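A.B. asks: just the structure for this:
(one chain, ligands or ions: 1)
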Amino acid sequence: MMAVFRSFQFVRGNYTLLSRRFYGSMSSKQGLVLGVYSTEDKDEVKFTPYAQKYNESTAGKLLEQINICGPVKAGQARIFWNLGQYPAVAVAGLGDASKWDELDEIDGAKENVRIAAAAGVRALAANKLPEIVLEDLEHPQQAAEGATLANYKFQSFKSADKRTSLPSVRFADDASGKEDWQRGVTIAEAQNFARVLMETPANHMTPTIFADTVRERLGAAGVEVLVHDEAWAKAKGMGSFLSVTNGSAEPARFLELTYKGSAKPDEPCVALVGKGITFDSGGISLKPSANMDQMRADMGGAANVVGTLLALAQLKAPVHVKGFVPLCENMPSGTATKPGDVVYAMNGKSICVDNTDAEGRLVLADALCYASTFEPKFILDIATLTGAIKVALGDCVAGVFSNNNALWNVIHEAGSQTGDRVWRMPLFKHYSEQMCDHGGYDLNNLGKGKGGGSCTAAAFLREFVPKGTPWLHVDIAGVMGDCSDQSYTGAKGMTGRPMRTLVEFVTKASGSI
Ligand SMILES: [Zn+2]
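C.D. replies: Numbers count the residues shown, from 1 in each chain. Model (predicted):
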């Protein structure tokens, strides 16, 4: 019980709250983040409207000071002291949105704001300013996202006196777009929650602790949280899911989450399914020991589903969403599933488990079957599923497989808006044949051919989605941790990506299909 209690404390207790209390008596030490654009003329300084006013309040001294060193470059921040109302002002470079190439598929103006807000917050935090105030940067939601994601540090297991105090971050009272700012904070804090779930060591984030943590945090936000046990899964015929937990001493759990924000009580739900392997050793098909610790985050899909539902509930989004999260460990032991074992999924299909390390698809198979019993508008599953997706796409974009072009278009656009992009991958019959063309059973959990591991994994999952159900599968193994492309999320640690894209997608897609 002790472990459970301790884990609750740090997941629930927001790390920034501690620092707010700590600095409560020093609130006069405030820093302000202002934005400045790049222009064609390299020597010209173009302020945001808010920054322009601030400059006027300093009788033009801020501009004078900036001009001494020249314009602030995109994504960089420079601090000026004792100019105007705030003792420290960080001027952050917003660059020129037109510099984003069309092929980058990103809304450059919004992305530049996230990057600049993060740079401003980090510069002031590095100078120990305990309270940071941001202007709207003409995109308050994105300013809040960049600031909140940058103002994050996982240090739950450090002694209290060794922890870095994070500053508090708030919106300037006289800036415009307070509601949008708050929306950005809500979404980014939900992503930070997903990051904590992923980052927490596996001995402190077992299936039971994960379920209890979600019940507490999402329950408080108005999401119904049902925690099913192994007996329930057995009664449902989830032999594929349960085969993965065979080798573990930790009991499996299956979360069923419901958020009903739609005004129409009978509206079909959107189903989100997330892979929740709280530790993946590979099982009997044991992984190499190098970097195996990363497998504490093999529940990144589950963390994304949980974070998305949390954000939607807090935003009071007018949607009906259900989340399905199979949670277990994949461990080797005398009771573990052996390569070559055949198990049955909820829809009656038999699966030969050729490689026990391809376990994500086994837990998702039953979760997809169960989700489809609710006759959802569409199903989106998300998983740290294959190393092959990282080989294909690197660490900057998630792969999406979909049987529905309209849904693909919505998620594609959502990714360009949030800065957390997705790229479409194929669902060709060729891959299905590699998974399904066998003599003694219906499916093998390994493809017959060489290469295309992400595509064969998606083809496997497709066998558990009823015909006619619109479906997307998102493979996030490439973007789960240590991503080099988003400065505001940081280059190290688990990311909670692409949760903001899911929030945007569900909000838009729910009404469009
Ligand atoms: Zn695995």
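
A.B. asks: in which helix or strand would I find the residue in the stretch 101-250 of the chain positioned nearest to the ion?
C.D. replies: At 9.0 Å from the ion, residue 244 is the closest residue in the stretch 101-250 of the chain, using CB to the ion. For glycine as for every other residue, the C-beta is placed from the backbone atoms N, C-alpha and C. When secondary structure is defined by DSSP states H and E, residue 244 falls within helix 239-245.

A.B. asks: buried stuff in that helix?
C.D. replies: Of the residues in helix 239-245, those buried by neighbour count under the rule 16 or more other CB atoms under 10 Å are 239-245.

A.B. asks: so which residues of the stretch 1-150 of the chain form helices?
C.D. replies: 2-12, 15-22, 49-57, 61-69, 108-126, 140-150 (DSSP state H, counting those that start in this stretch).

A.B. asks: distance to residue 36, mean neighbour count and mean pLDDT added to these, as TSV?
C.D. replies: Written out in TSV, the entries for those read as follows (distance: least, CB to CB, whole Å; neighbours: other CB atoms under 10 Å; pLDDT from 0 to 100):
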stretch	distance to residue 36	mean neighbour count	mean pLDDT
helix 2-12	38	14	41
helix 15-22	27	16	39
helix 49-57	6	18	98
helix 61-69	7	14	95
helix 108-126	9	26	98
helix 140-150	14	28	98
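
A.B. asks: turn those into CSV, including distance to the ion.
C.D. replies: Supplementary listing: these in CSV, determined by distance: least, CB to the ion, whole Å:
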stretch, distance to the ion
helix 2-12, 23
helix 15-22, 30
helix 49-57, 49
helix 61-69, 51
helix 108-126, 32
helix 140-150, 28
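
A.B. asks: format those as CSV; extra columns: distance to residue 327.
C.D. replies: Supplementary listing: those in CSV, determined by distance: least, CB to CB, whole Å:
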stretch, distance to residue 327
helix 2-12, 14
helix 15-22, 24
helix 49-57, 45
helix 61-69, 52
helix 108-126, 31
helix 140-150, 26
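
A.B. asks: closest one to residue 218 among those?
C.D. replies: helix 2-12 (11.3 Å; CB to CB).

A.B. asks: need the nearest residue in space to residue 106, chain neighbours excluded.
C.D. replies: Here the nearest residue to residue 106 in space, its sequence neighbours aside, is residue 416; by CB to CB, 6 or more residues apart in numbering that works out to 5.3 Å.

A.B. asks: so which of the helices of the stretch 1-150 of the chain comes closest to residue 464?
C.D. replies: Between residue 464 and the helices of the stretch 1-150 of the chain, the shortest separation by CB to CB is 31.0 Å, and it involves helix 2-12.

A.B. asks: tell me which residue in the stretch 151-300 of the chain sits closest to the ion.
C.D. replies: residue 280 (4.3 Å).

A.B. asks: and the residue of the stretch 401-513 of the chain nearest the ion?
C.D. replies: residue 477 (9.9 Å).

A.B. asks: need the pLDDT of that residue.
C.D. replies: Looking at residue 477, its pLDDT is 98.

A.B. asks: before we move on, the earlier item: touching, the residue of the stretch 151-300 of the chain closest to the ion and residue 294? I think so.
C.D. replies: No - using CB atoms under 8 Å, residue 280 and residue 294 do not qualify as a contacting pair, with a distance of 9.2 Å.

A.B. asks: tell me which of the helices of the stretch 1-150 of the chain sits nearest to residue 202.
C.D. replies: Shortest separation from residue 202 across the helices of the stretch 1-150 of the chain is recorded for helix 2-12, at 11.4 Å, computed as CB to CB.

A.B. asks: quick one: name whatever helix or strand follows the helix holding residue 244.
C.D. replies: Once helix 239-245 ends, the next helix or strand along the chain (criterion: DSSP H and E) is strand 253-260.

A.B. asks: list the helices and strands that next one packs on?
C.D. replies: If contacts are counted by 3 or more CB pairs under 8 Å, 6 or more residues apart in numbering; DSSP states H and E, strand 253-260 sits against helix 207-220, strand 224-228, helix 300-314, strand 320-330.

A.B. asks: can I get these in TSV with distance to residue 98, mean neighbour count and mean pLDDT?
C.D. replies: As requested, those are arranged in TSV below (distance: least, CB to CB, whole Å; neighbours: other CB under 10 Å; pLDDT from 0 to 100):
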stretch	distance to residue 98	mean neighbour count	mean pLDDT
helix 207-220	41	21	98
strand 224-228	46	17	98
helix 300-314	31	30	98
strand 320-330	36	28	98
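
A.B. asks: make JSON lines out of the ones you listed and add distance to the ion.
C.D. replies: Listed next are these as JSON lines, based on distance: least, CB to the ion, whole Å:
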{"stretch": "helix 207-220", "distance to the ion": "16"}
{"stretch": "strand 224-228", "distance to the ion": "22"}
{"stretch": "helix 300-314", "distance to the ion": "12"}
{"stretch": "strand 320-330", "distance to the ion": "6"}
